[in-house]
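Visitor: I'll drop the sequence and a predicted model, then ask my questions.
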There are 4 protein chains.
Amino acid sequence: MPSVPISRLPTRDPGTRARNDKRERILDAAIKVFAKSGYHGSRISDIAREAGIAYGLVYHYFKNKEEILGSIFEQRWGGFLDALEGIAGERTSAEDRLVSVAGLMLSAYRVRPDWVKVLVIEIQRSSRFAEPGQLRAVGQLFEVVRRILRDGQESGELRRDLDPAIACYVFLGALELAMTSLVLRIVEIDESTAEGRDHYGKVARTVVEIFLHGLAAGRPR
Amino acid sequence: MPSVPISRLPTRDPGTRARNDKRERILDAAIKVFAKSGYHGSRISDIAREAGIAYGLVYHYFKNKEEILGSIFEQRWGGFLDALEGIAGERTSAEDRLVSVAGLMLSAYRVRPDWVKVLVIEIQRSSRFAEPGQLRAVGQLFEVVRRILRDGQESGELRRDLDPAIACYVFLGALELAMTSLVLRIVEIDESTAEGRDHYGKVARTVVEIFLHGLAAGRPR
Amino acid sequence: MPSVPISRLPTRDPGTRARNDKRERILDAAIKVFAKSGYHGSRISDIAREAGIAYGLVYHYFKNKEEILGSIFEQRWGGFLDALEGIAGERTSAEDRLVSVAGLMLSAYRVRPDWVKVLVIEIQRSSRFAEPGQLRAVGQLFEVVRRILRDGQESGELRRDLDPAIACYVFLGALELAMTSLVLRIVEIDESTAEGRDHYGKVARTVVEIFLHGLAAGRPR
Amino acid sequence: MPSVPISRLPTRDPGTRARNDKRERILDAAIKVFAKSGYHGSRISDIAREAGIAYGLVYHYFKNKEEILGSIFEQRWGGFLDALEGIAGERTSAEDRLVSVAGLMLSAYRVRPDWVKVLVIEIQRSSRFAEPGQLRAVGQLFEVVRRILRDGQESGELRRDLDPAIACYVFLGALELAMTSLVLRIVEIDESTAEGRDHYGKVARTVVEIFLHGLAAGRPR
DNA sequence: CATGAATGAGAATTCATTCAT
DNA sequence: GATGAATGAATTCTCATTCAT
């Protein structure tokens, strides 16, 4: 897996951090709490405690619980998509770019597992998800991958007999469940061994390998 | 995709239906409501209204909200796993069995998309998920697929250089996201064409094809 | 002051009382509490305690605090207006009808001072007052009196050189402040004397007397 | 209606205005906001926004919300009462003085309708109303009018067979409702005609005319 | 003086659960 | 079994008041 620079991950502008310190802390805390208990299962007071601030202050920065979720989506997802778009626009092979996307997503999950959980699980349930903007934003993730696949098909690098949209699901779905499994600790990772510490890299490599060359025997490379 | 008999899908025993009519209606309604709003976001009154009964009656059949979720899990997931186990135990090729699994899952999703959503999203968050029984039950899904993959590796049908556990994610994740996309209607399906109506079948075939033979060009079969 | 039968005062249908017992009790309690502390100054828990019920039950019958106020207006004011309309339609002299109106209003105030206070003071502040229906309803009170005055002017019983609309204010305003003063206890009433006990009657008689014949000396009747 | 010099209306001392500019702006803003939403329904931030200052500053000038209401009362009501006392002490006929009082009140209402609304509606609800001082202050308005009426009765100008206290209600109540109606716009005023523009004057004249000589026909003057 | 972030007590509202009918 | 009224703990949301800058 090519190293994915952390700078590609969505981050906050450190310059404005001082001013929006509390607001950021609330968002960070909300992500953590939502990820653990779900949107409906989380209380504002949990978020406030997690952020280390007074309860009422949450309402100084956000109109209500719903707006917190919306802000998470806009800020985190936006940065994430920017990084993805950058990868999609690179002039390298489809394989390289897919590896980059896998690496970015797994990195994101490794660095900020809660972000991805909330983005994937909660946002879709929120009423705001009905808003075209959010649905579109989710669709952009698919669009980025679909563009890479179509590029590969046009250049002859990828098979043309398979629907790129469905191939999209295979690729993103594989990544998504891999990430979920890691977070749910369905698979034990032994961080004391080198192999355990590189688990994420191994997952990324395996996913792309299967995606490109299949699990069937007879064609090892 | 081999046709998957509906009988394999988890169903209720028609013999006891008369007796437990209301109970079943509550469970069905709960699945629908949980799928839409999440466990915490759903109210007992929503479930009762969906079931067409007085909400006090819910407490006649279930001790509390939690028990409704638990019952959903046991009844729906149990039947689903039974069907999966049956597939895994067949003495056919790994490929055939994977196609069967994909077909079963997509059938389940097509017939009862809410079941899968609730099973996947809600159960894990429930406090009961801490119970070893439920964690184990979810793990069984992975175990079934893992067994098929290991069988294939041992027989030489599948590559041995890739971790079967990770391959599991690729396979199940691809299916899962494909299903989610179908339900979220991220992809437009044109039901007016034959191809549109067979979208599920096409998805199943494509997923297995990619999973087994990869998307890279040069090795068409 | 002609006796004003209590039956003219707005009342609830005793037949439906059993069914809507609690709802009525909540409205009655709300009137009492609103009259004492004002709408904004009143808590739902105050109303519930006054009604002798759990405060959650208030939300079983009313969507929120605002709806309670709206219901008060519709039920109480409607009955009151009906009684007034009845008086206005009588075929007696304007003087008789004015005395009846004064008597009705003072009776209402004596029997249900809280009703009038809430109707007069709170409703106008409520956002619902902006609704044309409510503004119109208040206007009806003026319309009833104006009709009586115009009848009297046309029949020659009343002077035609004064604006009936303004005369309306004089009449209703006199009654209104008289009632307010009584409630605010700005005037001490000695209930131990016959005169004190007939204070309301005296007020009604005096108001109409001044309104019709003036306070200036030289024209006693 | 004799012209009522504006100087009689309660005003702020222009000399101290520079120093207490902000304080005055807060009081003015509070009156406007209280008049619209009531004391309990108004927020400090509303007052601050209306005054165009930071809401923290309100607490620099006033101990708390309650004190704002108290200050309004003392400053506005005090000046108003002074003017009334001046009228009551004049050595003219009762009729002239009543016309002056009506003119003063209507002028006040025309120039500062919010003052009167707050004074009349809110003060009585304030907890400070329990204080004898404020109750007494409200009573002074009645006392002033009552004194004029008693003077007129003693001099033979007014009828002695009617209770001066009740006559007070008639007079002040007529004025009060006339003012309220004007503010609530229950009556349409056509500002395009001379009569419309003099509506206040007409109201004052009509109120006093009815109060003194009655609406009954046969005794026109 | 000014500002507005920060606090937290208090009130509104929700909703799981109980219970009388 | 069936109903939905009744309860009140839990939570969201509001806003007067304080306080650091």
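Guide: Thanks, I have it. Since the model is a prediction, treat every value here as computed from it, not as a measurement.
Visitor: Enumerate the residues of chain A near DNA strand E.
Guide: Neighbours of DNA strand E within chain A, by C-beta under 7 Å from any atom of the strand: A:21, A:22, A:53, A:54, A:55, A:56, A:57, A:59, A:60. Using the backbone N, CA and C atoms, a C-beta is placed for each residue, glycine as well.
Visitor: What's the local residue count around residue A:45?
Guide: 11 (other C-beta atoms under 10 Å in any protein chain shown).
Visitor: cool, residue A:49 as well?
Guide: When neighbours are counted by other C-beta under 10 Å, residue A:49 comes out with 14.
Visitor: That one: helix or strand, and which one exactly?
Guide: Assigned by DSSP states H and E, residue A:49 belongs to helix A:44-51.
Visitor: quick one: that helix near chain B?
Guide: No - against chain B, helix A:44-51 shows no contacts by C-beta under 8 Å from any C-beta of the partner chain, the least distance being 12.7 Å.
Visitor: Chain A: helices as residue ranges?
Guide: Per DSSP state H, chain A carries helices over the ranges A:21-37, A:44-51, A:57-61, A:65-72, A:78-88, A:94-111, A:113-117, A:132-154, A:164-184, A:194-197, A:199-213.
Visitor: now the last one against helix A:132-154, angle please.
Guide: Regarding helix A:199-213 and helix A:132-154, their directions subtend 60 degrees when assessed with axes from the mean of the first three to the mean of the last three C-alpha atoms, to 10 degrees.
Visitor: quick one: helix A:199-213 near chain B?
Guide: Yes - residues of helix A:199-213 contacting chain B under C-beta under 8 Å from any C-beta: A:202, A:203, A:206, A:207, A:209, A:210, A:211, A:212, A:213.
Visitor: Can you tell me which of those has the largest number of neighbours?
Guide: Ranking those using other C-beta under 10 Å puts residue A:207 first, with 29 neighbours.
Visitor: For the helix holding residue A:49, list every residue counted as buried.
Guide: A:44, A:46, A:47, A:48, A:50, A:51 (16 or more other C-beta atoms under 10 Å in any protein chain shown).
Visitor: Quick one: buried ones out of the residues of chain A next to DNA strand E?
Guide: residue A:53.
Visitor: a markdown table for the residues of chain A next to DNA strand E, including distance to residue D:142 and pLDDT?
Guide: As requested, these are exported to a markdown table (distance: C-beta to C-beta, whole Å; pLDDT from 0 to 100):
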| residue | distance to residue D:142 | pLDDT |
| --- | --- | --- |
| A:21 | 59 | 85 |
| A:22 | 55 | 90 |
| A:53 | 53 | 94 |
| A:54 | 49 | 94 |
| A:55 | 48 | 94 |
| A:56 | 45 | 94 |
| A:57 | 49 | 95 |
| A:59 | 46 | 95 |
| A:60 | 47 | 94 |
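Visitor: By mean pLDDT, which helix or strand of chain A comes out lowest?
Guide: helix A:194-197 (a mean of 70; mean pLDDT, DSSP states H and E).
Visitor: hang on, the earlier thing: which of the buried residues of helix A:44-51 are close to DNA strand F?
Guide: Here is what survives when the buried residues of helix A:44-51 are matched to DNA strand F using C-beta under 7 Å from any atom of the strand: residue A:44.
Visitor: count of residues packed around residue A:116?
Guide: 24.
Visitor: do the same with residue A:71
Guide: When counting by other C-beta under 10 Å, one arrives at 16 neighbours for residue A:71.
Visitor: Alpha carbons only: can I get stretch A:50-57 in PDB?
Guide: In PDB, the C-alpha atoms belonging to stretch A:50-57 read as follows (Å, rounded to 0.1, in the frame of the first residue of the first chain):
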ATOM      1  CA  GLU A  50     -17.000  14.400  26.500                       C
ATOM      2  CA  ALA A  51     -16.100  17.900  25.200                       C
ATOM      3  CA  GLY A  52     -15.400  19.100  28.800                       C
ATOM      4  CA  ILE A  53     -17.800  22.000  28.500                       C
ATOM      5  CA  ALA A  54     -21.000  23.100  30.100                       C
ATOM      6  CA  TYR A  55     -24.200  21.700  28.800                       C
ATOM      7  CA  GLY A  56     -25.700  24.900  27.700                       C
ATOM      8  CA  LEU A  57     -22.700  25.900  25.600                       C
END
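Visitor: Identify the residues contacting it?
Guide: Applying C-beta atoms under 8 Å, 6 or more residues apart in numbering or on different chains, the external contacts of stretch A:50-57 come out as A:22, A:25, A:26, A:28, A:29, A:30, A:32, A:33, A:44, A:45, A:48, A:58.
Visitor: Between these, which sits nearest chain B?
Guide: residue A:33 (12.6 Å; C-beta to the nearest C-beta).
Visitor: I'd assumed residue A:47 was in contact with the closest one.
Guide: Yes - using C-beta atoms under 8 Å, residue A:33 is in contact with residue A:47, at 5.1 Å.
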